[in-house]
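Novice: pasting the structure only:
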Ligand SMILES: Cc1cc2nc3c(=O)[nH]c(=O)nc-3n(C[C@H](O)[C@H](O)[C@H](O)COP(=O)(O)OP(=O)(O)OC[C@H]3O[C@@H](n4cnc5c(N)ncnc54)[C@H](O)[C@@H]3O)c2cc1C
């Protein structure tokens, strides 16, 4: 058993932290937050591409670094820590993984090198309205190679070049690859709880659609993509949750009330201890998910669900209680605590909310017990 | 014990309904926002004036002060009925619920004559200038200094988180008049004209987007000794009256309610079927109902105590602990129920005009405003249950020697 990053992975993570501390400062994040017309930080996106991170898990044959998935998890943790305002998750965890999972060789050799080089932003479009995405919620339709219908909300749909879309063809769900630069696509930018990430409504009226993976398998493929993304997202959540705890701890040490540091009061101590416990459990579950992902283990659906459930809860808790620890300061725009509160909901919802994953977790358990 | 209206109460309720029907529109949506801005101010003032003229403002206030001299139960009935109508935001709560009652308790007759009626009619707005950068929970650590100069006092310092200061005509301000005594024994309270030279109000941008509260700076602000409320260095006693009234004024359920999430759950599908059929959700819904109704009924008990002439004690602190946490949990559950779509915060696209997203972003403030969750639980433990307090290092030392962070 080896349940930790290797020395090389730790080195990579340390370098990523140094790089992001310098390049993804709060001013960079707030540049996107404060400008409704900015979907992401272009300078940071370019710099991240130059580091090779977009292709960290893409094989060398397809233009990536071929480092591996655990390395990408390490990078994800660092991106989450600084609430990076870039379309990394959509492009790398969703679209690149979807293409690696289900794409034909031609699709792989077209998409993956461009992603690795930072030339292509992707988005993953599944939801069409309030509520869980299920086989019954799909209204988008492909007829004669053309896509019709509306996807809302689509994270990074405002800036993406390509989309992977869940749609029905002949009454059966499939995943389709759509070039958003061509005709038949309208985008409308939407306001969200986390303006550091872009979100759009995409309307398709006869946009060209190329099947990604076998037709009729779309829903299962989507779940498999979500499993993979869930593991990476869990690392971002753990990174964010740890940072929120650090912020709360340092404020609890320096802020005085009634002549003592507030960290000396048990109400605050227990709050921070609860954060720590949740964060550590989330980290362990995320490691298990990373292992299952990297080894393509059969447990991936269960491990990914566990990672996501634990990490979503830990980040939400740490983010809201960090605000509470800061008192009135925590409720201001000026203090960074709300950036984490916002991001905790963004990450917690983008691959489906906690209920969906708890359901998936338990149905995996049922299946395992029945077998 | 009787939960039905008595014949008198039923008649009063009918009268209130008739008046509301004639003067306001019934509420269709349960949309909820916390925003109060200059554009809604005129409407708020007009509504308050109407209520005052009809005898529905501060129903328990005596006739001598422009109130109708009604009972606490009548006030409850009016509030219940008014909640069913579309009315403008209420920027008078801090003034009428906290500041003016403090003035009524401590000021001389001339001052009361001057201020009570205009406040009641919504003509003048008040703010509460207590919290400072150095202390919100520990409000007795106030550092803003007042120094006597003849018949006047000169105030220098800074207040923070002052709700509504940007709209306010007057305020009550807690200042330090003695640094040689322990902190509770060197404070004095004044009322103050917010237009006085040297008062500067700077809005604070809050995380939910708006700027409901402010920093207020004092530079050589002069107030007359006759503006003093209570004795010199005895301001803590005055502040406690304000804070006790605060606990009565705040603490009802707020934001999106269990009825709203029930409505959402009827329309939305979960991963394993209709959201409303989900057992986990049904359990939570039952708990929210019990909390909301429990709070409402607890307030009735408080009102009953009031109507018998008893003073409600610190037990009214439970209201906000429950209401603020529920606001955050319920909003989060709703946003999760909307699934990916929950990230949208758009009054056009989000269900119930984004009431859940608005609540989610305001709830962190409610958990802090008017006493944090932690402080309110300390009050319940120490003042209601009589458990020993934390060891205090600042109580018996001169204010100037008490330990501080920065
Ligand atoms: C929306 C809003 C409106 C407000 N409006 C007004 C207003 O109109 N007028 C006004 O005067 N003030 C107002 N306030 C200020 C409010 O009363 C204070 O923010 C609050 O009392 C907390 O004080 P603080 O911000 O200094 O935080 P701190 O007191 O520094 O608290 C920081 C953290 O320490 C905890 N803590 C502190 N002491 C203890 C203890 N003994 N035991 C355990 N935990 C402890 C707190 O619970 C909190 O989690 C408002 C605040 C908000 C958010």
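Specialist: Thanks, I have it. Just so it is clear, the model here is predicted, and its values are computed rather than measured.

Novice: Is there proximity between the lengthiest helix in chain A and the ligand?
Specialist: In chain A, ranked by residue count with DSSP state H as the criterion, the top helix is helix A:218-254. No: Helix A:218-254 is not in contact with the ligand by Cβ under 6 Å from any ligand atom; minimum separation 7.5 Å. Using the backbone N, CA and C atoms, a C-beta is placed for each residue, glycine as well.

Novice: helices and strands around that helix, which ones?
Specialist: Using 3 or more Cβ pairs under 8 Å, 6 or more residues apart in numbering or on different chains; DSSP states H and E, the elements in contact with helix A:218-254 are helix A:69-81, helix A:97-102, strand A:162-169, strand A:172-179, strand A:260-261, helix A:266-294, helix A:300-325, helix A:337-350.

Novice: Next, count neighbours for residue 66.
Specialist: Let's take chain A. A count of nearby residues for residue A:66, using other Cβ atoms under 10 Å in any protein chain shown, gives 15.

Novice: I was thinking of chain B, sorry if that wasn't clear
Specialist: Residues within reach of residue B:66, counting by other Cβ under 10 Å, total 17.

Novice: Settle this for me: it is touching residue B:52, isn't it.
Specialist: Yes: Residue B:66 is within contact range of residue B:52, at 6.9 Å (criterion: Cβ atoms under 8 Å).

Novice: Switch the helices and strands packed on helix A:218-254 over to JSON lines; also include distance to chain B.
Specialist: Compiled in JSON lines, the helices and strands packed on helix A:218-254 are given as follows (distance: least, Cβ to the nearest Cβ, whole Å):
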{"stretch": "helix A:69-81", "distance to chain B": "16"}
{"stretch": "helix A:97-102", "distance to chain B": "16"}
{"stretch": "strand A:162-169", "distance to chain B": "12"}
{"stretch": "strand A:172-179", "distance to chain B": "15"}
{"stretch": "strand A:260-261", "distance to chain B": "6"}
{"stretch": "helix A:266-294", "distance to chain B": "4"}
{"stretch": "helix A:300-325", "distance to chain B": "5"}
{"stretch": "helix A:337-350", "distance to chain B": "4"}
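
Novice: Let's have the ones you listed in CSV, adding distance to the ligand and mean pLDDT.
Specialist: As requested, the helices and strands packed on helix A:218-254 are exported to CSV (distance: least, Cβ to the nearest ligand atom, whole Å; pLDDT from 0 to 100):
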stretch, distance to the ligand, mean pLDDT
helix A:69-81, 23, 98
helix A:97-102, 40, 98
strand A:162-169, 40, 98
strand A:172-179, 45, 98
strand A:260-261, 8, 96
helix A:266-294, 4, 98
helix A:300-325, 5, 98
helix A:337-350, 12, 98
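
Novice: quick one: which helix or strand includes residue 13?
Specialist: You didn't say which chain, so I picked chain A. Residue A:13 is part of helix A:7-23 when elements are defined by DSSP states H and E.

Novice: try again with chain B
Specialist: helix B:7-23.

Novice: What residues of that helix count as buried?
Specialist: Residues of helix B:7-23 classed as buried by neighbour count (16 or more other Cβ atoms under 10 Å in any protein chain shown): B:9, B:12-13, B:15-16, B:19-20.

Novice: And the helices and strands packed on helix A:218-254: which comes nearest residue B:398?
Specialist: Comparing the helices and strands packed on helix A:218-254 against residue B:398 with Cβ to Cβ, the closest turns out to be strand A:260-261 (17.2 Å).

Novice: Can you tell me the strand partners of that closest one and which way each runs?
Specialist: strand A:256-257 (antiparallel) (DSSP bridges).

Novice: Residue A:97 - nearest residue in space that isn't next to it in sequence?
Specialist: residue A:228 (4.5 Å; Cβ to Cβ, 6 or more residues apart in numbering or on different chains).

Novice: Just give the number of residues close to that neighbour.
Specialist: Residues within reach of residue A:228, counting by other Cβ under 10 Å, total 24.

Novice: ok, now which ones touch it?
Specialist: The contact partners of residue A:228, by Cβ atoms under 8 Å, 6 or more residues apart in numbering or on different chains, come to A:93, A:97, A:101, A:293, A:300, A:304.

Novice: Which one of those residues sits in the busiest neighbourhood?
Specialist: That'd be residue A:304 among the contacts of residue A:228, by other Cβ under 10 Å, with 33 neighbours.

Novice: From residue B:43, how far out is the residue in the stretch 201-350 of chain B that the ligand sits nearest to?
Specialist: Residue nearest to the ligand within the stretch 201-350 of chain B (Cβ to the nearest ligand atom): residue B:213, separated by 4.8 Å. According to Cβ to Cβ, to the nearest Å, residue B:213 and residue B:43 sit 21 Å apart.

Novice: ok, these two, which is more surrounded?
Specialist: Under the criterion of other Cβ under 10 Å, the comparison of residue B:213 against residue B:43 puts residue B:213 first, with 24 against 12.
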